[in-house]
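1. sharing a model prediction with you, sequence too.
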Amino acid sequence: MRYHSFKPGPPLGDFIHNFWLYEDYVVPQLKDHILPSGTIELVINLRDDELRIYDATLSGQYRRFSGAIVSGAYGGFFAIDTLQETLIMGVHFKPGGAFPFLGVSANELTDTHVDLETLWGRAAINLRERLCAAATPMQRFALMEEAMLSHQRRPLEHHYAVPIALAALGQTDDDVSVRDVARHVGLSQRRFIQVFKGEVGLTPKLFSRVQRFQRVLTLVQQTPPDWARLAVECGYFDQSHLIRDFVSFSGFNPTEYFDHQKLLSRQKAHIKFNHFPLPENR
């Protein structure tokens with residue numbers, strides 16, 4: 001397995017965290033949960049012209065898409081088939097970073113996937129064909145950078161309130177209300193929510209919850225968890241509040257998640273960002 005990453009410079013770097021590429025990615029588990037991060041992802045399967053997204057209930061039902069899709073900002077988890085990830089690349093946008101490139105508001109993509117062709121037309125097909133034909137990771141990243149630049153909307157900038165709100169709502173250890181942020185940026189609460197959803201894809205409140213959940217995931221990887229302490233440190237009312245959100249966002253209770261993470265660590269398994277490999281009994 002080989003992983004490659006590339007961080008574009010300005011102006012793309014203000015909106016895109018990185019381009020990524022996996023080659024020869026083979027794992028024992030059949031499915032992964034994709035956990036919410038508050039961001040939008042562009043994903044391109046370079047091996048097969050197909051991607052399958054499974055129902056969160058793991059009932060076996062799935063939707064079939066082309067090999068190039070956009071995954072909107074999710075307020076929960078969904079599942080993917082790991083067999084389709086052998087040769088795959090994508091664009092990991094920063095929170096609120098995708099809207100200038102897709103031609104639609106981010107809230108039109110919330111909790112859903114859409115073929116890139118629906119948004120970019122024939123250019124999406126051409127891009128995938130050129131990426132498949134490219135010989136090296138850097139050639140692929142250069143093609144992706146070119147595609148992003150050609151689809152950027154000008155001027156390439158946020159509504160002034162969004163970066164301020166993202167910074168405030170990302171402070172998971174502070175008790176920041178949506179009303180307080182709206183007042184700080186000088187907008188009515190209704191207008192602020194409308195602007196934020198249009199660029200980020202989630203309501204400010206849901207985005208804040210997702211960032212708090214992500215903070216828990218980070219701390220769980222660093223130290224043996226004391227769930228009551230983590231609940232306080234990450235801004236939850238109590239431990240039961242943390243557990244409810246954790247199950248909602250991951251499909252597992254915190255102890256199940258941590259125990260499986262320990263097993264994967266002992267097996268020296270590679271875990272992708274925001275992926276959670278499903279145990280055999282799930």
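-> On my side now, so go ahead.
2. mind listing the helices for the stretch 51-200 of the chain?
-> Secondary structure of the stretch 51-200 of the chain (DSSP state H, counting those that start in this stretch): helices at 99-102, 116-120, 122-133, 137-151, 161-169, 178-185, 189-200.
3. closest one to A269 among those helices?
-> A269 lies closest to helix 137-151 among the helices of the stretch 51-200 of the chain, at 22.8 Å (CB to CB). The C-beta positions use only the backbone N, C-alpha and C, and glycine is treated the same way.
4. could you say what helices and strands that closest one packs with?
-> strand 2-6, strand 16-23, strand 87-93, helix 99-102, helix 122-133 (3 or more CB pairs under 8 Å, 6 or more residues apart in numbering; DSSP states H and E).
5. could you rerun that using 10 Å?
-> With contacts defined as 3 or more CB pairs under 10 Å, 6 or more residues apart in numbering; DSSP states H and E, helix 137-151 has these neighbours: strand 2-6, strand 16-23, strand 41-45, strand 87-93, helix 99-102, helix 116-120, helix 122-133.
6. buried stuff in it?
-> Within helix 137-151, the residues that count as buried by 16 or more other CB atoms under 10 Å are P137, R140, F141, L143, M144, E145, A147, M148, H151.
7. check the offset of it from the chain's centre.
-> Taking the mean of its C-alpha atoms, helix 137-151 sits 20 Å from the chain's own mean (CA atoms, centre = their mean, to the nearest Å).
8. do the same with stretch 76-84
-> How far stretch 76-84 lies from its chain's middle: 12 Å, per CA atoms, centre = their mean.
9. would CSV of the helices and strands packed on helix 137-151 with mean neighbour count, mean pLDDT and distance to A231 be doable?
-> Formatted as CSV, these follow (neighbours: other CB atoms under 10 Å; pLDDT from 0 to 100; distance: least, CB to CB, whole Å):
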stretch, mean neighbour count, mean pLDDT, distance to A231
strand 2-6, 13, 96, 33
strand 16-23, 20, 97, 28
strand 41-45, 23, 98, 29
strand 87-93, 22, 98, 28
helix 99-102, 23, 95, 33
helix 116-120, 19, 98, 39
helix 122-133, 16, 98, 43
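10. so can I have JSON lines of these showing distance to G186?
-> JSON lines is the format used below for the helices and strands packed on helix 137-151 (distance: least, CB to CB, whole Å):
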{"stretch": "strand 2-6", "distance to G186": "37"}
{"stretch": "strand 16-23", "distance to G186": "28"}
{"stretch": "strand 41-45", "distance to G186": "32"}
{"stretch": "strand 87-93", "distance to G186": "26"}
{"stretch": "helix 99-102", "distance to G186": "21"}
{"stretch": "helix 116-120", "distance to G186": "32"}
{"stretch": "helix 122-133", "distance to G186": "38"}
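11. between these, which gets nearest to A165?
-> In terms of CB to CB, the element of the helices and strands packed on helix 137-151 nearest to A165 is helix 99-102, at 14.4 Å.
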